[in-house]
Structure formats: structure tokens, C-alpha cells
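>>> A predicted structure for the sequence below; I have some questions about it.
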Amino acid sequence: MALARTYAVALVGVHGHLIEVEADIASGLPATILVGLPDTALREARDRIRAAIVNSGETWPNSKITVGLSPATLPKRGSGFDLAIAVAVLAAAEAVPPSALAGKMFLAELGLDGRLRPVPGVLPAVVAAQGDVNTVVVAAPNVAEAALVPGVQVVGASTLTEVIIWLRGGPPPSLPPVPEPPAGPMPALAMARKIDLAEVLGQSEARLAAEICAAGGHNLSLLGPPGAGKTMLAERLPTILPALDTPAAIEVTSIHSVAGRLPAGSGLVTVPPFCAPHHTSSMAAIVGGGTGTVRPGAASLAHLGILFLDEAPEFHRDVLDALRQPLESGEVVIARSGTQAVFPARFTLVLAANPCPCAKANGTGKGACSCSPAARRRYLARLSGPLLDRVDVKVRLQPVSRQDMLYDRKYAEASAVVAQRVAAARDRSAARLAGTPWRVNAEVPGAVLRRTFAPKPDSLASLDRAMELGQVTARGADKIIRVAWTLADLADQPQPGPDQVNLAIGLWLGVA
């Protein structure tokens, strides 16, 4: 009887923790004891693993088996520990050499017949194991995802028998060659690239607002009647955003992997994600949560991309207000008994709303709006003041006439043209923010903004007056200065001038 150990990974949010899996076989009544804060799914692994080992032609030790998962204070959830526990038990029973487990991590669920099944969250799990192990064994469908992490040898297998033969010194599992991960975005996002900002006609001010928000990472509010182009504009915002660099792509892909949203065989998510949940979505669907395993919500799935809330006043008030914390901190913190999951959630929020409940056009004609001023105020009041205070740019869209569409068709710029200006502006802000943890102007904290990146006092005269009149809050003043910096970056100016500050005030008040 012996002791054997190997490694697995426990995920808390999108952060992986290396787990040492120990199996000890000792004299005593036949029993399998699992210790180390396992959840219900993991406790059931005892029966799955025994059936998988027996059905793979191996002998289950008829002794007292103790399986320890260390560190014992960290909760363990899910079925991804199955394969690690199985090989540790076999090594303790000397069915495979214990030395063969050195430097290896095992991550897969076992079927009763010994098949290896894929599990979510493989990418962040391999990232967490990087540097501590040199070989990762996963189910065949997870090979492409695990191979996205450089510097780690990935072994894919279809059955437990293949893994046992390999550990005994036999050939590695024979799988079809792993295709190179696609260099571009995922298929759904590739389709999104076919839409173009030039298709939004008659809304030049709204297109300019979208360009500003893309360049500085600012939040955007679109208010206007149906058919004015609010949804079209929001859907085309990702087409003018720069592609994600490798660290950001790994972070975004990890979130989608944990959520089980990563298509099999896909590469890194290099296009900023676009997430548009329905207005009936629950708080858990938006900010994350769930019973048992905590999953990321739409706010985290939109990390480093766009979170679009169409018909924003129709969302539940508490759901909207729950976004206030991630808008400030850039992350969602979900506390559960015994654990706390942190999901990145630094997204650009885009709100779209009709001006009134009936959503009819203004005027005096037959189809004109008949809502009273009080009804309009109540409808828009569903968007709380603290939430709107966190929105940098507010635009009111007007109905588009046929003449506007014909005229604007000649002058509406394509996404590729606007994207070049956005990329140039981001390069300027990145050079200014070099050596800091912030990427775009919208992320710079207010204290640093006022101390290190404060515009010249004569440029802020109009902002000082607006604050004295009570039109702008202290948080609003910070957001106005951030937008002014983005306008200066777009204009290739070293400092925001009075014109940029005045325009930023108008965009924040929604009167530009």
C-alpha cells in the first residue's frame, strides 16, 4: 500500500488554484473517503471513478482509500477532478508508476465507461498551472483550448485506458492532429464584422459620440424614438474598437471558457465582445451568480467590450443599480458562504431608451405621442440618477427623414476609417498612460486625473461654472475631464482646450 499524488485545478471565479490530489491506500474496511471541502458533484466522483476504473479493465483496491485535496480550506466544485483522483488511486495501488505522475496535471470528467469528458474553464486552469507543471492531460475536446497557453505540453485522451497505457510507458494517446487555433475572432463575432458604421444614416452626432466612446472607453446613453438607429449604432460599436492584445484576449477567453460559452476548437477571442441581454434578464444573469458553481454574468462576458442594454428602462431597477459597482471598480465580486468569486467586468455600457412609454413620434399628427409630461418623467426615472451619473456621453437621437438619409449616404464614414482614428487616439492615450495600470482615459481614477492629468485652469472655466450652478456633480466633473482628454487625443492635441471641455460638458448633459 502506498501514497501517490498528482495535480488538478480549482476555479474560483476566473482564477485558478493549483490543487494537490493525494491518494492513500491503507488497511481497513473497504471505503473511499474524500476530504478537502468537496461539493456534492465532487463527492459523487467516488462512484463515477470506481465504475470508470473497473470498466476500463483495472482493479479497484478493496481497501480503505483516502483522497485528500489540498489546500483543504479552499472549496472544490465540479467534476473536473475525476481524472486526477482516478490516476492518483491507480498510482497508490501501483497499477501505474507513481513517478509517472510527476509534473503532470489532470483535468477531465470521467464517464462510467471510462470515457473522458470535457469540462469548462480549461484555459484559466492551464494558465494557473503554468510554471508548476509541464504537462496537462485533458479530454480530447478541450485540447485546442488548453493549447492556447504557451509553454505547456498538452496531452489529449478519449478514454481512461489511453491515459493508463501512456503512464505505464506506452505511446501517448493517438488523436487527430490539433488544428492551429483560428487567428481571427470566433464565428459569431466574425459575422458581426460584416456590419458597418456607415449604415447608420442621418445620425452624425450619434456616430461622433460612438467614436468618442470607442476611443476613450466611455459609457454611452442613446435616447430617441424607435427606428432612429439606437440599436444599429450600438451593434456597430465593436467594429471600430481595436483588437484585443494577447494578455487581454486570454483574459476575455478565460471568462467565456468558465461560462461554457467558448465554441469547441475556437481560438482566442481577439475581437472585443458584444453582449446584449434581454430586458427580462435577472440580476444573476447580468452580474453573475447562481447556486453551486458561481458563473459570470453578462457584465463579465462583456469584459473589454460592449454591454448593450436595449430598452434600458424596462430592466428591473435593482438589476440596473447592480451595475454601479462594476462601472466604478471594473470587477464583479460575488460572495458565497465560504468563498468569494471575483470576475473582471471592465466594459463599455451602452444604454438605449425611448423618450416615453408609447414610443411614438413627437408632433401633432395622428401617430403623435399622447403621453403626459409626468408619464415621460416616470418612465425615464427608471434609470436612476446614480446610474446616469456614471454615463459619460448622453445623446438624444431625432427621427431620420428621407432627406437626411439621402444626404448622409454620401458622407457617412465606414467603420474602417473611424477605426483608424480610434486606434490613433488610443495610441496617444496609451503613450500618456505608459507605466500605469490603465489602458484608456475612462479608467483613470479621479484623484490621479486631477493631480497628474489636470487640464490647464483656463480650459476648465466653463466646468467650474457648471459645478457652481449644480449642473455637474464631482463624479460628473471627472468624467467630463476624461472625455475632454479623449477629444484632445482624437484631435491630436497635447492638452484639452476650452473647446474640448465645452463639448464634453454638452455630451455629459445630453445637450451637445
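Right, received. Where do you want to start?

>>> Would you list the strands that the longest strand belonging to the chain pairs with, along with their directions?
If you go by DSSP state E, the chain has its longest strand at strand 15-26. Within its sheet, strand 15-26 is paired with strand 3-12 (antiparallel), strand 64-70 (antiparallel), according to DSSP bridges.

>>> right, so these: which one is the most enclosed?
Highest mean neighbour count among the strands paired with strand 15-26 (mean count of other Cβ atoms under 10 Å): strand 3-12, with a mean of 22. Placement of C-beta: from N, CA and C, glycine included.

>>> what does the average pLDDT come to for that strand?
Average pLDDT, strand 3-12: 93.

>>> Just the CA trace of that strand, in CSV.
Taking C-alpha atoms only, strand 3-12 is exported to CSV below (Å, rounded to 0.1, in the frame of the first residue of the first chain):
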residue,chain,number,x,y,z
LEU,A,3,0.7,7.1,-1.2
ALA,A,4,0.5,8.9,-4.6
ARG,A,5,0.0,12.5,-5.5
THR,A,6,-0.8,14.5,-8.6
TYR,A,7,-2.3,17.9,-9.5
ALA,A,8,-5.6,19.4,-10.6
VAL,A,9,-7.0,23.0,-10.6
ALA,A,10,-9.9,24.5,-8.7
LEU,A,11,-11.5,27.6,-10.2
VAL,A,12,-12.8,30.4,-8.1
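
>>> circling back to that earlier point, for P30, which of the strands paired with strand 15-26 is the nearest?
strand 64-70 (6.8 Å; Cβ to Cβ).

>>> Figure out how far that closest one is from the centre of its chain.
With Cα atoms, centre = their mean, to the nearest Å as the basis, strand 64-70 stands 35 Å off its chain's centre.

>>> next helix or strand past that strand?
Counting by DSSP states H and E, the next helix or strand C-terminal to strand 64-70 is helix 82-92.

>>> Between strand 15-26 and that following helix, find me the angle.
Orientation check (axes from the mean of the first three to the mean of the last three Cα atoms, to 10 degrees): helix 82-92 against strand 15-26 gives 30 degrees.

>>> Which element is encountered next along the chain beyond helix 82-92?
Following helix 82-92 in sequence, per DSSP H and E, is strand 104-107.

>>> quick one on the thing from earlier: what pLDDT, on average, does the longest strand of the chain get?
Mean pLDDT, computed over strand 15-26, is 94.

>>> Also stretch 245-255?
92.

>>> How about that stretch, which residues are buried there?
Buried positions in stretch 245-255, judged by neighbour count with 16 or more other Cβ atoms under 10 Å: 248-255.

>>> Closest one of the residues you listed to P455?
Within the buried residues of stretch 245-255, distances to P455 taken as Cβ to Cβ reach their minimum at A248, with 28.7 Å.

>>> Which residue is the nearest non-sequential neighbour of that closest one?
Of all residues not flanking A248 in the chain, L304 sits nearest, at 5.5 Å (Cβ to Cβ, 6 or more residues apart in numbering).

>>> where along the stretch 401-512 of the chain do the helices fall?
Applying DSSP state H, counting those that start in this stretch to the stretch 401-512 of the chain gives helices spanning 402-408, 415-432, 446-451, 461-468, 474-490, 498-509.

>>> helices and strands around the third one, which ones?
In this case it means helix 446-451. Using 3 or more Cβ pairs under 8 Å, 6 or more residues apart in numbering; DSSP states H and E, the elements in contact with helix 446-451 are helix 474-490.

>>> Of all the strands paired with strand 15-26, which one comes closest to D132?
D132 lies closest, by Cβ to Cβ, to one member of the strands paired with strand 15-26: strand 3-12, at 7.2 Å.

>>> one step back: quick one: distance of the longest strand of the chain to the chain centre.
Using Cα atoms, centre = their mean, the mean C-alpha position of strand 15-26 is found 29 Å from that of the whole chain.

>>> for it, which positions count as buried?
Quick answer for strand 15-26 (16+ other Cβ under 10 Å): 15-16, 18-19, 21-25.

>>> on that earlier part again, for the helices of the stretch 401-512 of the chain, which has the smallest mean pLDDT value?
Among the helices of the stretch 401-512 of the chain, helix 402-408 carries the lowest mean pLDDT (a mean of 73).

>>> Is the residue nearest to A248 in a helix, a strand, or coil?
Following DSSP: H, G, I helix; E, B strand; the rest coil, the label given to L304 is coil.
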